Each structure stands twice: as C-alpha cells, then as structure tokens.
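Novice: Give me coordinates for this.
(2 chains)
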Amino acid sequence: MDSTYTFQFSSSAALEALRSGTYDPIEFYQARLDVFNLSVMADYDQLVCLPTLTAIDKYWYQIETARKVLRQLGGRALLADEVGLGKTIEAGLICAEYLARGMVSSLLILTPASLVSQWQQELSEKFGITAVTTDDRNPQQSLEAFWTENPRIIASLNTAKSAKHFAAVTGRTWDLVVVDEAHHLKNRATLNWKLVNALNKRFMLMLTATPVQNSLVELFNLLTLLKPGLLQTEALFKKEYVDSKNGRVPKNPDKLRSLMREVMVRNTRALVDVKLPKRFATTITVEPSAGERKLYQDLNDYLRSDETMDKLSRTNLLMRAGSSPRALAESLKHLTQRIPSEELKALAKRAAQVKQVEKAKALVEMLKKSRQKTLVFSTHKATSAYLAKTLEAADIPFAEFQGGMSLKEKDGAIAAFRDTVSVLLASETGGEGRNIQFANVIVNYDLPWNPMKIEQRIGRIHRIGQTQDVFIFNFCLKDSIEEYILRVLHDKINMFELVVGEVETILGNVDDDFDFSDVVMGIWLSHQAKPELDHAFDQFADNLLQAKDQYRQNQALDEQIFGEEFEA
Amino acid sequence: MSSDPLLTTLSNLVSLYDGIAEDEDEHVMTVLLPEAIAKQLKLPESATIATQANIPDSLFVSYHSELVQQFSALLGQRGSVSAIAIQYEGYLKSTGFEKQMLQTLRPQNGLIRLLEAKTATTRYLWCHIAYTAEADEKRVGMVSFMINELTRVTPIEIGDALFWKSDQLPVENPEAISERSLHELTPLIERIAAQQVKVNLESWQMKLGRAKARDEERLNSYYGTMGKEIETRMRSRLGQDDKDRELARLTATNQELGRKLTDLQERYALKVEASLYSVLVIELPTVHLECELVRKKIKRNITAVWNPFTKVIEPLCCERTGIPVEEFYLDDSAAQIVAPGAWQMR
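Specialist: Model (predicted):
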C-alpha cells in the first residue's frame, strides 16, 4: 500500500438523492456546480483566467507557479525558472488572474528595449491583455498624461529611468509591476534599481533566469526590492550569509534558502521533467544561378553606395533578397513609387524576370526524397505563393497555413497536414498554439535575422509532446548575408543545439540593447571584400562566444546556489 | 453580460430565487430581491454588488464573501441530482450495424452475433466528484465522468450531445435509479473517482515526494554529522560515566531523527477525501444492439449501445474488473466478459 497517498470516499447527499429519486430542475444543478466553482477559485485552487486562455500551451508547473505566487507569496516574487520554461507565460498568467479577479487595474511592465514589442504582442495575443508602449504615445499627449492616463504600460527600463520619464513613472501608483530580465537590477547604485525601488507598487514580479551573476549581494539587491528588510541590511546580510573570502559562496545556506523561499520560485528542467528529443540542424548552401548571383551582387552594391536610404528599407530589401526574387521584386516595386530611382526600377524588373530559382529547385529535390512531415517556413507572402506554384508544378501535395487565413481554414490546413499531405507551407505564425508535434522536420526556406524568431519556428515542433528527433534544414544562397548569419549562429555558437530561450539570454549578455539584426546589417554593409567580411563576422562570433561562456558560468553559479529547492 | 464568474454566478442565483439581476458593467451589478430571500441573505431588497472595492454605495464581493456562503447555504442540497432528455433530430437507423459491431466488439475465444437493433433511450450519469486533498497545504477540486447506466461502462464519452441548449428538454417525473442498479454503480463511481483524482493530483504528489526526499536528506545529514561527532568522542579516552552519557546522547539523537522522519512522512503524505457532489442524469436517444455471445455451448444475450452523437458502438464492461473493453474473452462457465488483462491472471 502507498503510505504517501490515501483516498477516502464518503457517502453524500447526492448519493442519497440519487437513491431516493429526488430530482431538482436543471437550473439548481447548474447553480450548485457554479457555487462549487467559486469555492475552488476562492483560494486559487483553480485560476479564474484559465478557461479563457486558449492561445497558449499551459504546463502544470506554470500553473503551480502562478498559484504559489498568488496564494503563498502574496503577489511579490522572483520568478527564476531555468531558461526556456516560460517565465513570461507564468507572469502573464499571474497578470491575467489578478485582472480577472479585479484585484489589479494598473500594470507596468519594464523590459529591455528589444523586448518591448514582443511583450505587447504576447500579452495581447496570448492573454487578451491590451497595453500601450511608450512608442504608442500620441505626440500631442504630454508625458505626464501618458503615464497617468494609461492603465497598462510596457516600457523599456532605459526609457522609464531617463530623466524625462522618471518622475512621471514614479509619481503614480501601480497595482502590479513586472520587471523582465531583472538581473539588470542587481546593482543598487544603478538608476535601474533606484527606479524600481522608487515605484509605488502593490504587487511585483521580477523575472530572470540568472539572479546571481557575480556576487550574492546581487541577490540581496533583488530581494530587497521585493521584500525590503527580508535580508536585513547589506552589511548584516554579508555578515550572516556571505563567505568572507568569496562573495559567491553562501554562508548558512539553509537559513538563506528558507528566507528566499518566501519570495522565489525556480523551476528546473530536471524537476518539471521536460525531456525533449534531440535536434539536428543542417545548412543547405545553394549555388545561385548566374542571374540570381548578379542580381544579389548589384542590389548589395546599390545598398552599400546609397547611404540616403532609410535603415528599415535597406534591411527589408536585403531580407527579401534572401527570401526569393519574387519577394524582392514586390518590395522594389513598392519602393520605386516612393524613391524615383532608375537603378531601383531596373533591379525590380530584373528580380521579376528571374526564372531559375535554385533554392526552390533544391527544396523540391529534398521534398521528393523525404517521407517525413515537413514544415516549410517562409516569411514573405510572395515567397510562399511562388513556393506553392513550384510545389504544384512538381506534383508535391501540400497544405498552406498563413497568418491571414480564417480559423476554419487554419484548422483545415493543420488537419490536412496531419492526415493527408506531408508538407505544410507556413508563414511566421505557422501553427502557433496548435499541436503539430506529429511533424519532425523544419525547413527554413528563408532565415529570419532575429535568432528568437528562428527559435519560435523551431519551437512549433520541438516542444513537449514531440517524440521523434527534430531535423532543421536552413536554406541559404552562397555568399549571401544569410550564409554568414548561419555561420555565426550554427557553426560558432551552436544555436541549434541550445535549449529554446538560451540564445535570447546569451544575446542579452552581449549588451543591454543589443540588436542582432542591426549588428549583422552594419557589418554586411560596411565591408565589401570577402576577407574583410569573414574577419568582421569572425570577430562578431567571438563576442557572442564570450557571452555564451559568461552565460554558462552564471548558470553553473545559480545551479550551485539554488539547486532544486525552489520549485513551485 | 459580465464575464466575471463571480458576478455571473450571483446573477444566476438571484434569478433562480425570483430576483432580478442587471449588469451595470464588467464589475458592477444591481439586484432586486424578493423580500424573503433578501432577509435570508441579509441584504436590502435592492442592492448594488461590485467586485471592485472602489465603487461607491455598493456591496463589495469577493470569492471569500459571506454573500457567496449565504447563497450556498440557501441552496443547501438542492441541485444534487437533476435530469434532462436530449432530442435527436436525425434518423436513427436500426439496420446495418453488423460490420461495425464485428470490428468494434471482438471476443477472442468465442462469437458475437447481432440479433436485433432497436431505438431506445439510454441513461447516462454525469457524476461530479468533489475532493479535498491535504498535505503541506489543502486543495479542493472536482473531477467529472460519465457512466452508461445500462452497460455500466465508465468513463464514457457522449460526443456533442450537450452542445445545443435547445436540444435539452426537462424530464417530467424521472425514474429513480433502482436499488440494485445503485448498488452496482456506487463502487464504480468510487473506483473511477479514485483513479481520476489521483491523476489530477499526480504532479503535486510528485512534488511532495521530491520535497520529502530533500528534507530527509537534510535531516539525515544533520543528525548524521551529530552522531559521528558523538561516536568520535566515544572512541576517545572517556570514563565509563561519560561514555554512558555519550551513548545516551547518541540514542536520543537517533530517536530524534526517527521522530523527525516520521513527522516528514506525515507532513508530505497526501490525504484525499472525496464524495459525490452532484449528478446529471442524461436521457439519450440511442440504438440498442441485442447481441448473442457464444462460448462453446454457452449462449448469453447482452445489449450493446450505439450512440448517434459519437457514431460509435460503445465498449462493453469487463465483468471482473469493471473496465471498458472492446477486445475481450468469455469465461467458460457463464460466458462472462473478461478483459485481456484479467484473463491472463486466471
């Protein structure tokens, strides 16, 4: 008999009523169930928001974390899960729950600048929470009005702490403050820390996978923001809990952990038993046709020579050139309406006339040989449309899943992919929130320059529920910017073997406002000759490698300090 | 209408007791109650109820509010059992089941033969089990499952039969469940409840197991170190009295460790109490398939059920273990249906 579990079933009024045939109208039956549901919600045994959240996969440990923060930690917590377990989802669940219960009406989310729009999008799409960002501010609206009139705001730490904004942000009360990448608050002397300390807040969540990077005092600084006085003063904390010879080694670890349990949750992969199959990545470098090569070369020459064109247009043209000639032609055509350049017009015409697309040929060859369920991603509609025609001509059955399709069409596409065809042509949003783990091959026909977007694509099938090894094929043209990006991400930092989420942390270690695609674009446009390009990209890769080493060291230290004692 | 579950439930309760509830917005509702009900709830006959504390002249309610308790008390045991009939607009065929039946119900050591198919009502019991689980904290929850009253098969799905409210009809004078039937159903309810509650609590139980293992390791390490220190002292040159004293200390330390480990066992053991909270009896139009089971010279008639909402012939019930079976054996003495697992263990 299991001595750790006992189950006792008692007789009840319902059993008696069944025996005596005492039936009530259905409305009473429904009311009785509803009253029970309220009692379950009262102590957070069940979260009110859960039934409404249909756009996310919710895992038990995320729900446990939300419950623990709401029920035991009183809404002030450090969420320090290992990378890739979904701290954002946990924070979103807590926000959604507080909002559903009417316990919170104002919400401030502080993140690194690069994550502001991602937070806005995720809160809206996954949790139905609308929030404005500082970028949404109407220029006519005063700063004070912006900060006081909007109940839910997402801002970068840098913006919020700036002299222009500081007073307005700290001048009002916030029901809930969420700080993402909270290790940026590790130093009490920084404006980051002072800003969060000055905020007038009721509940607060701090999210970081690496709470301690160099010294235990960083932990003191973080936890003091959450519960001032919990670890007393810095001097007393050091005396009581930090080894005098090494600031990274705790003294009285048991006592320190028992205090930390009042504010901290840290789930680890080992604890939550998230075991994913292996993933294998292959770069397929395609030799472009003469026409493709010349077009790509001429476009680059034009972009390198014309410094008047805005950054967005240049990035867009290069990305589309890496996707397909059709996508490029479309973009160039639009651009010539804005910029009357003969050179651009000529490029547009040549792009539209490219007949031989070598990448598409390579894809067809690959798909003809494969029997696996394959998800083919392309960012641009024009590329998708071209691929659809190419697959049709090659007699390869496929389904299409595009962002603009209706729910019913999307369901139909997934069903066809599951039951009848082996190929799904998908846009960036392909299959988000849907179970498509029956597929185990991904083709990145074009490559997003943002590594997090690449991860999102892989995450569509490399997730809980996947039982087979996952194969990723990254297509690129020889001597293209994508070839260099893959060399950095794949060959140098082994991104495709990292756990989902790790690359984000590593890039965050390079610099607070590090933007991968900006750096890549900068290197590409400022160097023309191959040896120079090789050297510049090698240097860039070395920086990323250093950041990766730093991340590994932090991870080891946190593992040593926290172990597995803080699970939800 | 407010999507707030608290206000929605209160609004339904008010209507149930002949009151009127109107939403003002997502968080505020005004209610008009009959005098007697208002008195029982200790409320004025007209009141504004809000789920936010800052609404002037309103009664603030939360999930813990007394008002919820009062409504619960007012409801008492009402709603424990109810019954509805489902109407089916389509045509219920009574022929052409042979192939589907032979594919679905597969005796491994005998035969099954379809004698007759006829439309008939089948009653399903939708059972809701409330439970309270307690270890280092207390949690309440509910599991629900269906039982086919005729075949005793559980858990069973009934497809989208409950999807359209307009297809649900009240049942005038529903028939009571017979004593014999209830006698057989009660252990089934208990067994499925035990299984489903355990599945519900699995993650928590595992977490408790991990926490217990960590605490045990900590205690063993702490008291182990103390024990070793005492043993080292005992090995040094001590007088008999001191040795006896150290021995007593060692015994006490070991006893203390034993006590603490027992406390841990108690603290992390999950104790679950469950009971049948409510039941909805659902009368569903189905097709009853009268079949003959043949094992050697023994013949026996049984009824299988085809559900038009799932379009499947439901499994049968193993008469030894109570689990649903499609592939089964027939015993030699009475052609009883036996699940393969139970058959192996003969």
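
Novice: Against chain B, how distant is the spatially closest residue to A:Gly75 that is not a sequence neighbour?
Specialist: Excluding the flanking residues, the one nearest A:Gly75 by Cβ to Cβ, 6 or more residues apart in numbering or on different chains is A:Phe203, at 3.4 Å. C-betas here are computed from N, CA, C, even on glycine. Going from A:Phe203 to chain B by Cβ to the nearest Cβ, to the nearest Å gives 15 Å.

Novice: Disregarding residues adjacent in the polypeptide, which is nearest to the residue of the stretch 101-250 of chain A found nearest chain B?
Specialist: The minimum distance from the stretch 101-250 of chain A to chain B, using Cβ to the nearest Cβ, falls at A:Gly102 (4.4 Å). Excluding the flanking residues, the one nearest A:Gly102 by Cβ to Cβ, 6+ apart is B:Thr51, at 4.4 Å.

Novice: Can you name the residues bridging to the residue nearest to A:Gly75?
Specialist: Listed by DSSP bridges, the beta-bridge partners for A:Phe203 are A:Leu176.

Novice: Could you count how many residues lie near it?
Specialist: Counted with other Cβ atoms under 10 Å in any protein chain shown, the neighbours of A:Phe203 add up to 22.

Novice: now swap in the one 4 residues further on and tell me
Specialist: As a burial measure, A:Leu207 scores 22 neighbours (other Cβ under 10 Å).

Novice: show me what contacts it?
Specialist: Each residue near A:Leu207 by Cβ atoms under 8 Å, 6 or more residues apart in numbering or on different chains is listed here: A:79-80, A:87-88, A:91, A:178-182.

Novice: Which pLDDT value does the model give A:Val421?
Specialist: Here the pLDDT value assigned to A:Val421 is 95.

Novice: Which residue, other than its chain neighbours, is closest to it?
Specialist: Among residues not flanking A:Val421 along the chain, A:Pro397 sits closest, at 4.3 Å (Cβ to Cβ, 6+ apart).

Novice: Check A:Leu259 too.
Specialist: Leaving aside its sequence neighbours, A:Leu259 sits nearest to A:Leu230 (Cβ to Cβ, 6+ apart; 6.1 Å).

Novice: What of A:Ile561?
Specialist: A:Val212 (5.8 Å).

Novice: Next one: that neighbour from A:Val242, what distance?
Specialist: With distances taken as Cβ to Cβ, to the nearest Å, A:Val212 is found 11 Å from A:Val242.

Novice: ok, now A:Ser378?
Specialist: For A:Ser378 relative to A:Val242 (Cβ to Cβ), the value is 53 Å.

Novice: Those two: who's more crowded?
Specialist: The residue with more neighbours, out of A:Ser378 and A:Val242, is A:Ser378; 26 against 22, by other Cβ under 10 Å.

Novice: can you pull the contacts of the more buried one?
Specialist: By Cβ under 8 Å, 6+ apart, the contact list for A:Ser378 reads A:323-324, A:384, A:387, A:425-427, A:445-446.

Novice: Close to chain A: what parts of the stretch 201-346 of chain B are there?
Specialist: Proximity of the stretch 201-346 of chain B to chain A (Cβ under 8 Å from any Cβ of the partner chain) is limited to residues B:203-205, B:207-210, B:212, B:214, B:218, B:265, B:268-281.

Novice: Weed out the non-buried ones from those residues.
Specialist: Buried by 16 or more other Cβ atoms under 10 Å in any protein chain shown: B:203-205, B:207-208, B:212, B:268-270, B:272, B:274-281, out of those.

Novice: In strands, which of these fall?
Specialist: Under the assignment DSSP state E, these contribute B:270, B:272, B:274-281 to strands.

Novice: Look up how far B:Arg123 lies from whatever residue of the stretch 51-200 of chain B ends up closest to chain A.
Specialist: At 2.8 Å from chain A, B:Ala176 is the closest residue in the stretch 51-200 of chain B, using Cβ to the nearest Cβ. Between B:Ala176 and B:Arg123 the computed distance is 11 Å (Cβ to Cβ).

Novice: what's the answer for A:Thr133, then?
Specialist: Going from A:Thr133 to B:Arg123 by Cβ to Cβ gives 57 Å.

Novice: so where's chain B shaky on pLDDT?
Specialist: B:1 (pLDDT under 70).

Novice: In space, not sequence, find me the middle residue of it.
Specialist: B:Val143 (2.9 Å; Cα atoms, centre = their mean).

Novice: which element is the residue lying closest to that residue once chain neighbours are set aside on?
Specialist: Nearest non-adjacent residue to B:Val143, counting by Cβ to Cβ, 6+ apart: B:Gln196, 4.0 Å away. Taking DSSP states H and E as the definition, one finds B:Gln196 inside helix B:179-200.

Novice: residues in contact with that helix?
Specialist: For helix B:179-200, the external contacting residues (Cβ under 8 Å, 6+ apart) are A:5, A:7, A:9, A:15, A:18-19, B:125, B:127, B:129, B:131, B:133, B:141, B:143, B:145, B:147, B:149, B:152, B:154-155, B:177, B:205, B:272, B:274, B:276, B:322.
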